[in-house]
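**Student:** sequence and predicted model, in that order:
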Amino acid sequence: MPLNCTGIDKVLERYYLSPFYAVEFCLGLPGNLLVILGYMFCLREWQSCNVYIFNLAFSDLVFLCTLPQLSYLYANDSKVTNPYICVINRYILHVNLYSSILFMVLLSMDRFLLIKHPMRNHCLLRPRIAIVMTVLSWLAVNVEVAPMVGLMIKDLKNQNQSRSHCKDFGSLKGSINPLGYTLGLTLTGYIVPLLVLCMFSQQIAHLLHEKERAVQCQKSYKRPLRVVTSATVMFLVLYTPYHVLRNVRVASWQPWSGLQPCTKMNIKAAYILTRPWAFLHSVINPVFYFLMGDKFRTLLMSKLRKMVRSKELSRESA
């Protein structure tokens, strides 16, 4: 018996995911590329926060470069002739998802320590230590995402088609327990870092309250609190619907769920709606980069003004 609910996932993938990812690419690429180039050519003396921001921008930039391919796949029924492209894209997508919030945690830690130790005499405020923390963060995220690569490779082999479908994480099935894996990934990759962000927001607010009488001008101290709080709210709003619906989606096709096909399709449709919103952080993150450091913003604007002046002088001389 035909079901009216079938096919809604394909409609959403073609007319929702595909254009949404294309828009995210167009909006997010300039800001992240500007930060990368600005750090490479304008910033000579790096501090610990610069190390974290550069890696965060690099992660966002690499992810954004995969969006045109993902947009094309969804516009063409998610079929790929080269399965390696699917695996690489999905791998980068999820590495960026969890590295972004992890690097924001490190930035929040850095802002907290800077307020507590304004003279930068804490070991974690040293650039070399920041590099070590960055390497450990990349390692942790790759360990978290590694089982997903195995699931994707096995799924592509099981399809046994000349043009395989590039499935998202919520649709993968394999030898490991997908529900247990997605729940564990949600806990370690999202919930724990979000709680740490909340903790640093509370600690920064507490420090500001202590310094309220000792420091006359509070503007430079209040900015880190606004940045950390805004980042916490951003991840809470963007990540929570995605992780909730992903776990529900994986649970819906478990044998014990007993759900009707239309119910499963509606859950999948709701899950699809949350996916591009979760990756909207790559578009918003450059705002935090410019709010984090006055020195970088000043150097970048000075560099841009010099470039504009040199072009004007060359035009006048010509």
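**Tutor:** All right, it came through fine. These numbers were taken from a predicted model, which means no experiment stands behind them.
**Student:** that's a helix at Pro241, yeah?
**Tutor:** Yes: assessed by DSSP: H, G, I helix; E, B strand; the rest coil, Pro241 belongs to a helix.
**Student:** per-residue pLDDT, it?
**Tutor:** For Pro241, the pLDDT comes out at 96.
**Student:** now it: how far from Ser48?
**Tutor:** Computed as CB to CB, to the nearest Å, the Pro241 to Ser48 distance reads 33 Å. Placement of C-beta: from N, CA and C, glycine included.
**Student:** so these two - more neighbours on which side?
**Tutor:** Ser48 (25 against 16; other CB atoms under 10 Å).
**Student:** count of residues packed around the closest residue to that one other than its chain neighbours?
**Tutor:** Of all residues not flanking Ser48 in the chain, Ala130 sits nearest, at 3.8 Å (CB to CB, 6 or more residues apart in numbering). Ala130: 22 surrounding residues under other CB under 10 Å.
**Student:** same question, Leu34
**Tutor:** Neighbours of Leu34 under the rule other CB under 10 Å: 16.
**Student:** three-state assignment of it?
**Tutor:** helix.
**Student:** just to revisit the earlier point, which of the three states applies to the residue nearest to Ser48?
**Tutor:** helix.
**Student:** contacting residues for it?
**Tutor:** 48-49, 51-52, 106, 110, 124 (CB atoms under 8 Å, 6 or more residues apart in numbering).
**Student:** which ones among these lie within helices?
**Tutor:** Using DSSP state H, 48-49, 51-52, 106, 110 are the members of the contacts of Ala130 that sit in helices.
**Student:** for the stretch 51-200 of the chain, just list every one of the helices.
**Tutor:** Assigned by DSSP state H, counting those that start in this stretch, the stretch 51-200 of the chain shows helices spanning 83-116, 127-159, 178-186, 192-211.
**Student:** quick one, which of these is packed in tightest?
**Tutor:** helix 83-116 (a mean of 21; mean count of other CB atoms under 10 Å).
**Student:** so where's the protein shaky on pLDDT?
**Tutor:** 1-4, 78-81, 159-164, 174-175, 212-221, 290-301, 303-304, 307-308, 312-314, 316-318 (pLDDT under 70).
**Student:** ok, back up a step: specify the stretch among the helices of the stretch 51-200 of the chain that is closest to Tyr16.
**Tutor:** For the helices of the stretch 51-200 of the chain, proximity to Tyr16 was assessed by CB to CB; helix 83-116 is nearest, at 16.8 Å.
**Student:** list the helices and strands that closest one packs on?
**Tutor:** With contacts defined as 3 or more CB pairs under 8 Å, 6 or more residues apart in numbering; DSSP states H and E, helix 83-116 has these neighbours: helix 48-75, helix 127-159, helix 192-211, helix 219-252, helix 281-292.
**Student:** can I get these in JSON lines including distance to Gly31?
**Tutor:** Shown next, in JSON lines, are these (distance: least, CB to CB, whole Å):
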{"stretch": "helix 48-75", "distance to Gly31": "9"}
{"stretch": "helix 127-159", "distance to Gly31": "21"}
{"stretch": "helix 192-211", "distance to Gly31": "21"}
{"stretch": "helix 219-252", "distance to Gly31": "15"}
{"stretch": "helix 281-292", "distance to Gly31": "3"}
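**Student:** out of the ones you listed, which gets nearest to Ala269?
**Tutor:** helix 219-252 (9.7 Å).
**Student:** how about that closest one: buried residues?
**Tutor:** Within helix 219-252, the residues that count as buried by 16 or more other CB atoms under 10 Å are 221, 224-225, 227-229, 231-232, 234-235, 238-243, 245-252.
**Student:** of the helices and strands packed on helix 83-116, which approaches Cys5 most closely?
**Tutor:** helix 219-252 (13.2 Å).
**Student:** would you pull up how far that closest one lies from the middle of the chain?
**Tutor:** Relative to its chain's centre, helix 219-252 lies at 11 Å (CA atoms, centre = their mean, to the nearest Å).
**Student:** beyond that helix, next helix or strand please.
**Tutor:** Next helix or strand after helix 219-252 toward the C-terminus (DSSP states H and E): helix 261-278.
**Student:** and that next one, C-alpha only, in PDB?
**Tutor:** Listed next in PDB are the C-alpha coordinates belonging to helix 261-278 (Å, rounded to 0.1, in the frame of the first residue of the first chain):
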ATOM      1  CA  PRO A 261       7.300   3.700   8.400                       C
ATOM      2  CA  CYS A 262       5.600   7.100   8.200                       C
ATOM      3  CA  THR A 263       6.800   7.900  11.800                       C
ATOM      4  CA  LYS A 264      10.300   6.900  10.900                       C
ATOM      5  CA  MET A 265      10.200   9.100   7.800                       C
ATOM      6  CA  ASN A 266       8.900  12.100   9.800                       C
ATOM      7  CA  ILE A 267      11.700  11.600  12.300                       C
ATOM      8  CA  LYS A 268      14.200  11.500   9.400                       C
ATOM      9  CA  ALA A 269      12.700  14.700   7.900                       C
ATOM     10  CA  ALA A 270      13.000  16.500  11.200                       C
ATOM     11  CA  TYR A 271      16.600  15.300  11.500                       C
ATOM     12  CA  ILE A 272      17.400  16.600   8.100                       C
ATOM     13  CA  LEU A 273      16.100  20.000   9.100                       C
ATOM     14  CA  THR A 274      18.500  20.300  12.000                       C
ATOM     15  CA  ARG A 275      21.700  19.300  10.100                       C
ATOM     16  CA  PRO A 276      22.600  22.500   8.200                       C
ATOM     17  CA  TRP A 277      21.800  24.600  11.300                       C
ATOM     18  CA  ALA A 278      24.300  22.600  13.300                       C
END
